[in-house]
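Undergrad: The sequence isn't on hand, but the structure is:
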C-alpha cells in the first residue's frame, strides 16, 4: 500500500501523540485512533496501532519504572484481562461503532458524578473497590475492540489521588501489560501483519519524539493543572467516542 502526503502527516501525528500520551500527556492517544482510521480501514487501523502502542509502552515503563502502584494494578489487571478475552469473543458480534457511543456515555456520566461528589466533599465513585472490577472489565473489552479504553482508565486512576508521576507510571505499566496480552489475539485475527510492522518501524522515531515531549510536560506542569487537563482529555475522548 502506498501512502499520500496527507496520509504520512496523519501517521506521523499518530506516532507523536501516542508517544506523548504514554509518557505524560495522558489521554492524547485517543487522537491517534481517528487519525489511523483515516488512513486504514477500521480493523487494519487497529492492527497498525497496537505495535506502536506497545513500543510507546516500553519507553513509558522505562521512564516511570519506579512509580507504578502495584496494589492498584493488582485490582485492575485481572478484570481487564478478562475483558480482553470477552472482547475477543465478541469480535464480529459487536462493532466498534456500536460500542464506542456506549463507552462515551458511561465516561461522561462518571465524570459528572465524580465532579458532583467532589463538590460535596465525598470520594469519587470511580475510586470505589467495585469500580476496579466493572471499569477493568469495560476497559479490557473496549481496548480489544476499539483501542479506546483511555478515558476509562484516566477516570479510575485519577480518582485515587495519585501525584502525577505515580499516575502516569501506573497507567504506563497497566497498558504495557494489557497491550502485550492483546498481541496474540490480534495476531490470530490477522490484524498485526508483516506489512504493518514495517510501517511501525518507520514511525518509531515519532514515538520517541512524542515521549520526550510528554516526559518534559510532566516535569514542568504543576499537579492541579495536570489533573484538570487530564480530565479535559478524558472528556474529549468520551465525546470523540460518541461522534
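TA: Nice, thanks for sending it over. Here the structure is a predicted model, which means the values were calculated and not measured. Numbers count the residues shown, from 1 in each chain.

Undergrad: CA only for contacts and neighbour counts going forward, please
TA: OK.

Undergrad: Mind listing what's buried along the helix ranked longest in the chain?
TA: Secondary structure of the chain per DSSP state H: the longest helix is helix 194-220. For helix 194-220, burial by neighbour count (16 or more other Cα atoms under 10 Å) applies to 196-197, 200, 203-204, 206-208, 210-215, 217-218.

Undergrad: same for the helix or strand containing residue 101, what does it pack against?
TA: Element membership for residue 101 (DSSP states H and E) is helix 96-119. Using 3 or more Cα pairs under 8 Å, 6 or more residues apart in numbering; DSSP states H and E, the elements in contact with helix 96-119 are helix 129-146, helix 150-158, helix 223-242.

Undergrad: go again using 7 Å as the cut-off
TA: Judged by 3 or more Cα pairs under 7 Å, 6 or more residues apart in numbering; DSSP states H and E, the packing partners of helix 96-119 are helix 223-242.

Undergrad: Give me the contacts around the helix it packs on.
TA: 26-28, 30, 100-101, 104, 107-108, 151, 154, 163-164 (Cα atoms under 7 Å, 6 or more residues apart in numbering).

Undergrad: how far away is the residue positioned nearest the centre of the chain from residue 100?
TA: Centroid-nearest residue in the chain, with Cα atoms, centre = their mean: residue 150, separated by 3.4 Å. With the distance defined as Cα to Cα, to the nearest Å, residue 150 ends up 12 Å from residue 100.

Undergrad: and if you look at residue 201?
TA: 29 Å.

Undergrad: that older thread, per-residue pLDDT of the residue nearest to the centre of the chain, please?
TA: Looking at residue 150, its pLDDT stands at 83.

Undergrad: What sits closest to it if chain neighbours are left out?
TA: residue 27 (5.9 Å; Cα to Cα, 6 or more residues apart in numbering).

Undergrad: Now do the one you found: how many residues are near it, please.
TA: 28 (other Cα atoms under 10 Å).

Undergrad: Pull up the gap between it and residue 116, please.
TA: For residue 27, the distance to residue 116 equals 22 Å [Cα to Cα].

Undergrad: relative to helix 223-242, how tilted is the helix or strand of the chain with the lowest mean pLDDT?
TA: Within the chain, no helix or strand scores below helix 96-119, which has a mean of 76 by mean pLDDT, DSSP states H and E. Going by axes from the mean of the first three to the mean of the last three Cα atoms, to 10 degrees, helix 96-119 is angled at 150 degrees with respect to helix 223-242.

Undergrad: Just the buried positions in helix 96-119, please.
TA: 96, 99-101, 103-104, 106-108, 110-111, 114-115.

Undergrad: Over to stretch 157-170?
TA: Buried residues in stretch 157-170 (16+ other Cα under 10 Å): 157-159, 164-170.

Undergrad: got the contact list for residue 217?
TA: Counting by Cα under 7 Å, 6+ apart, residue 217 makes contact with residue 24.

Undergrad: Over to residue 219?
TA: Contacts of residue 219 (Cα under 7 Å, 6+ apart): none.

Undergrad: quick one: pLDDT of the residue nearest to residue 150?
TA: 83.
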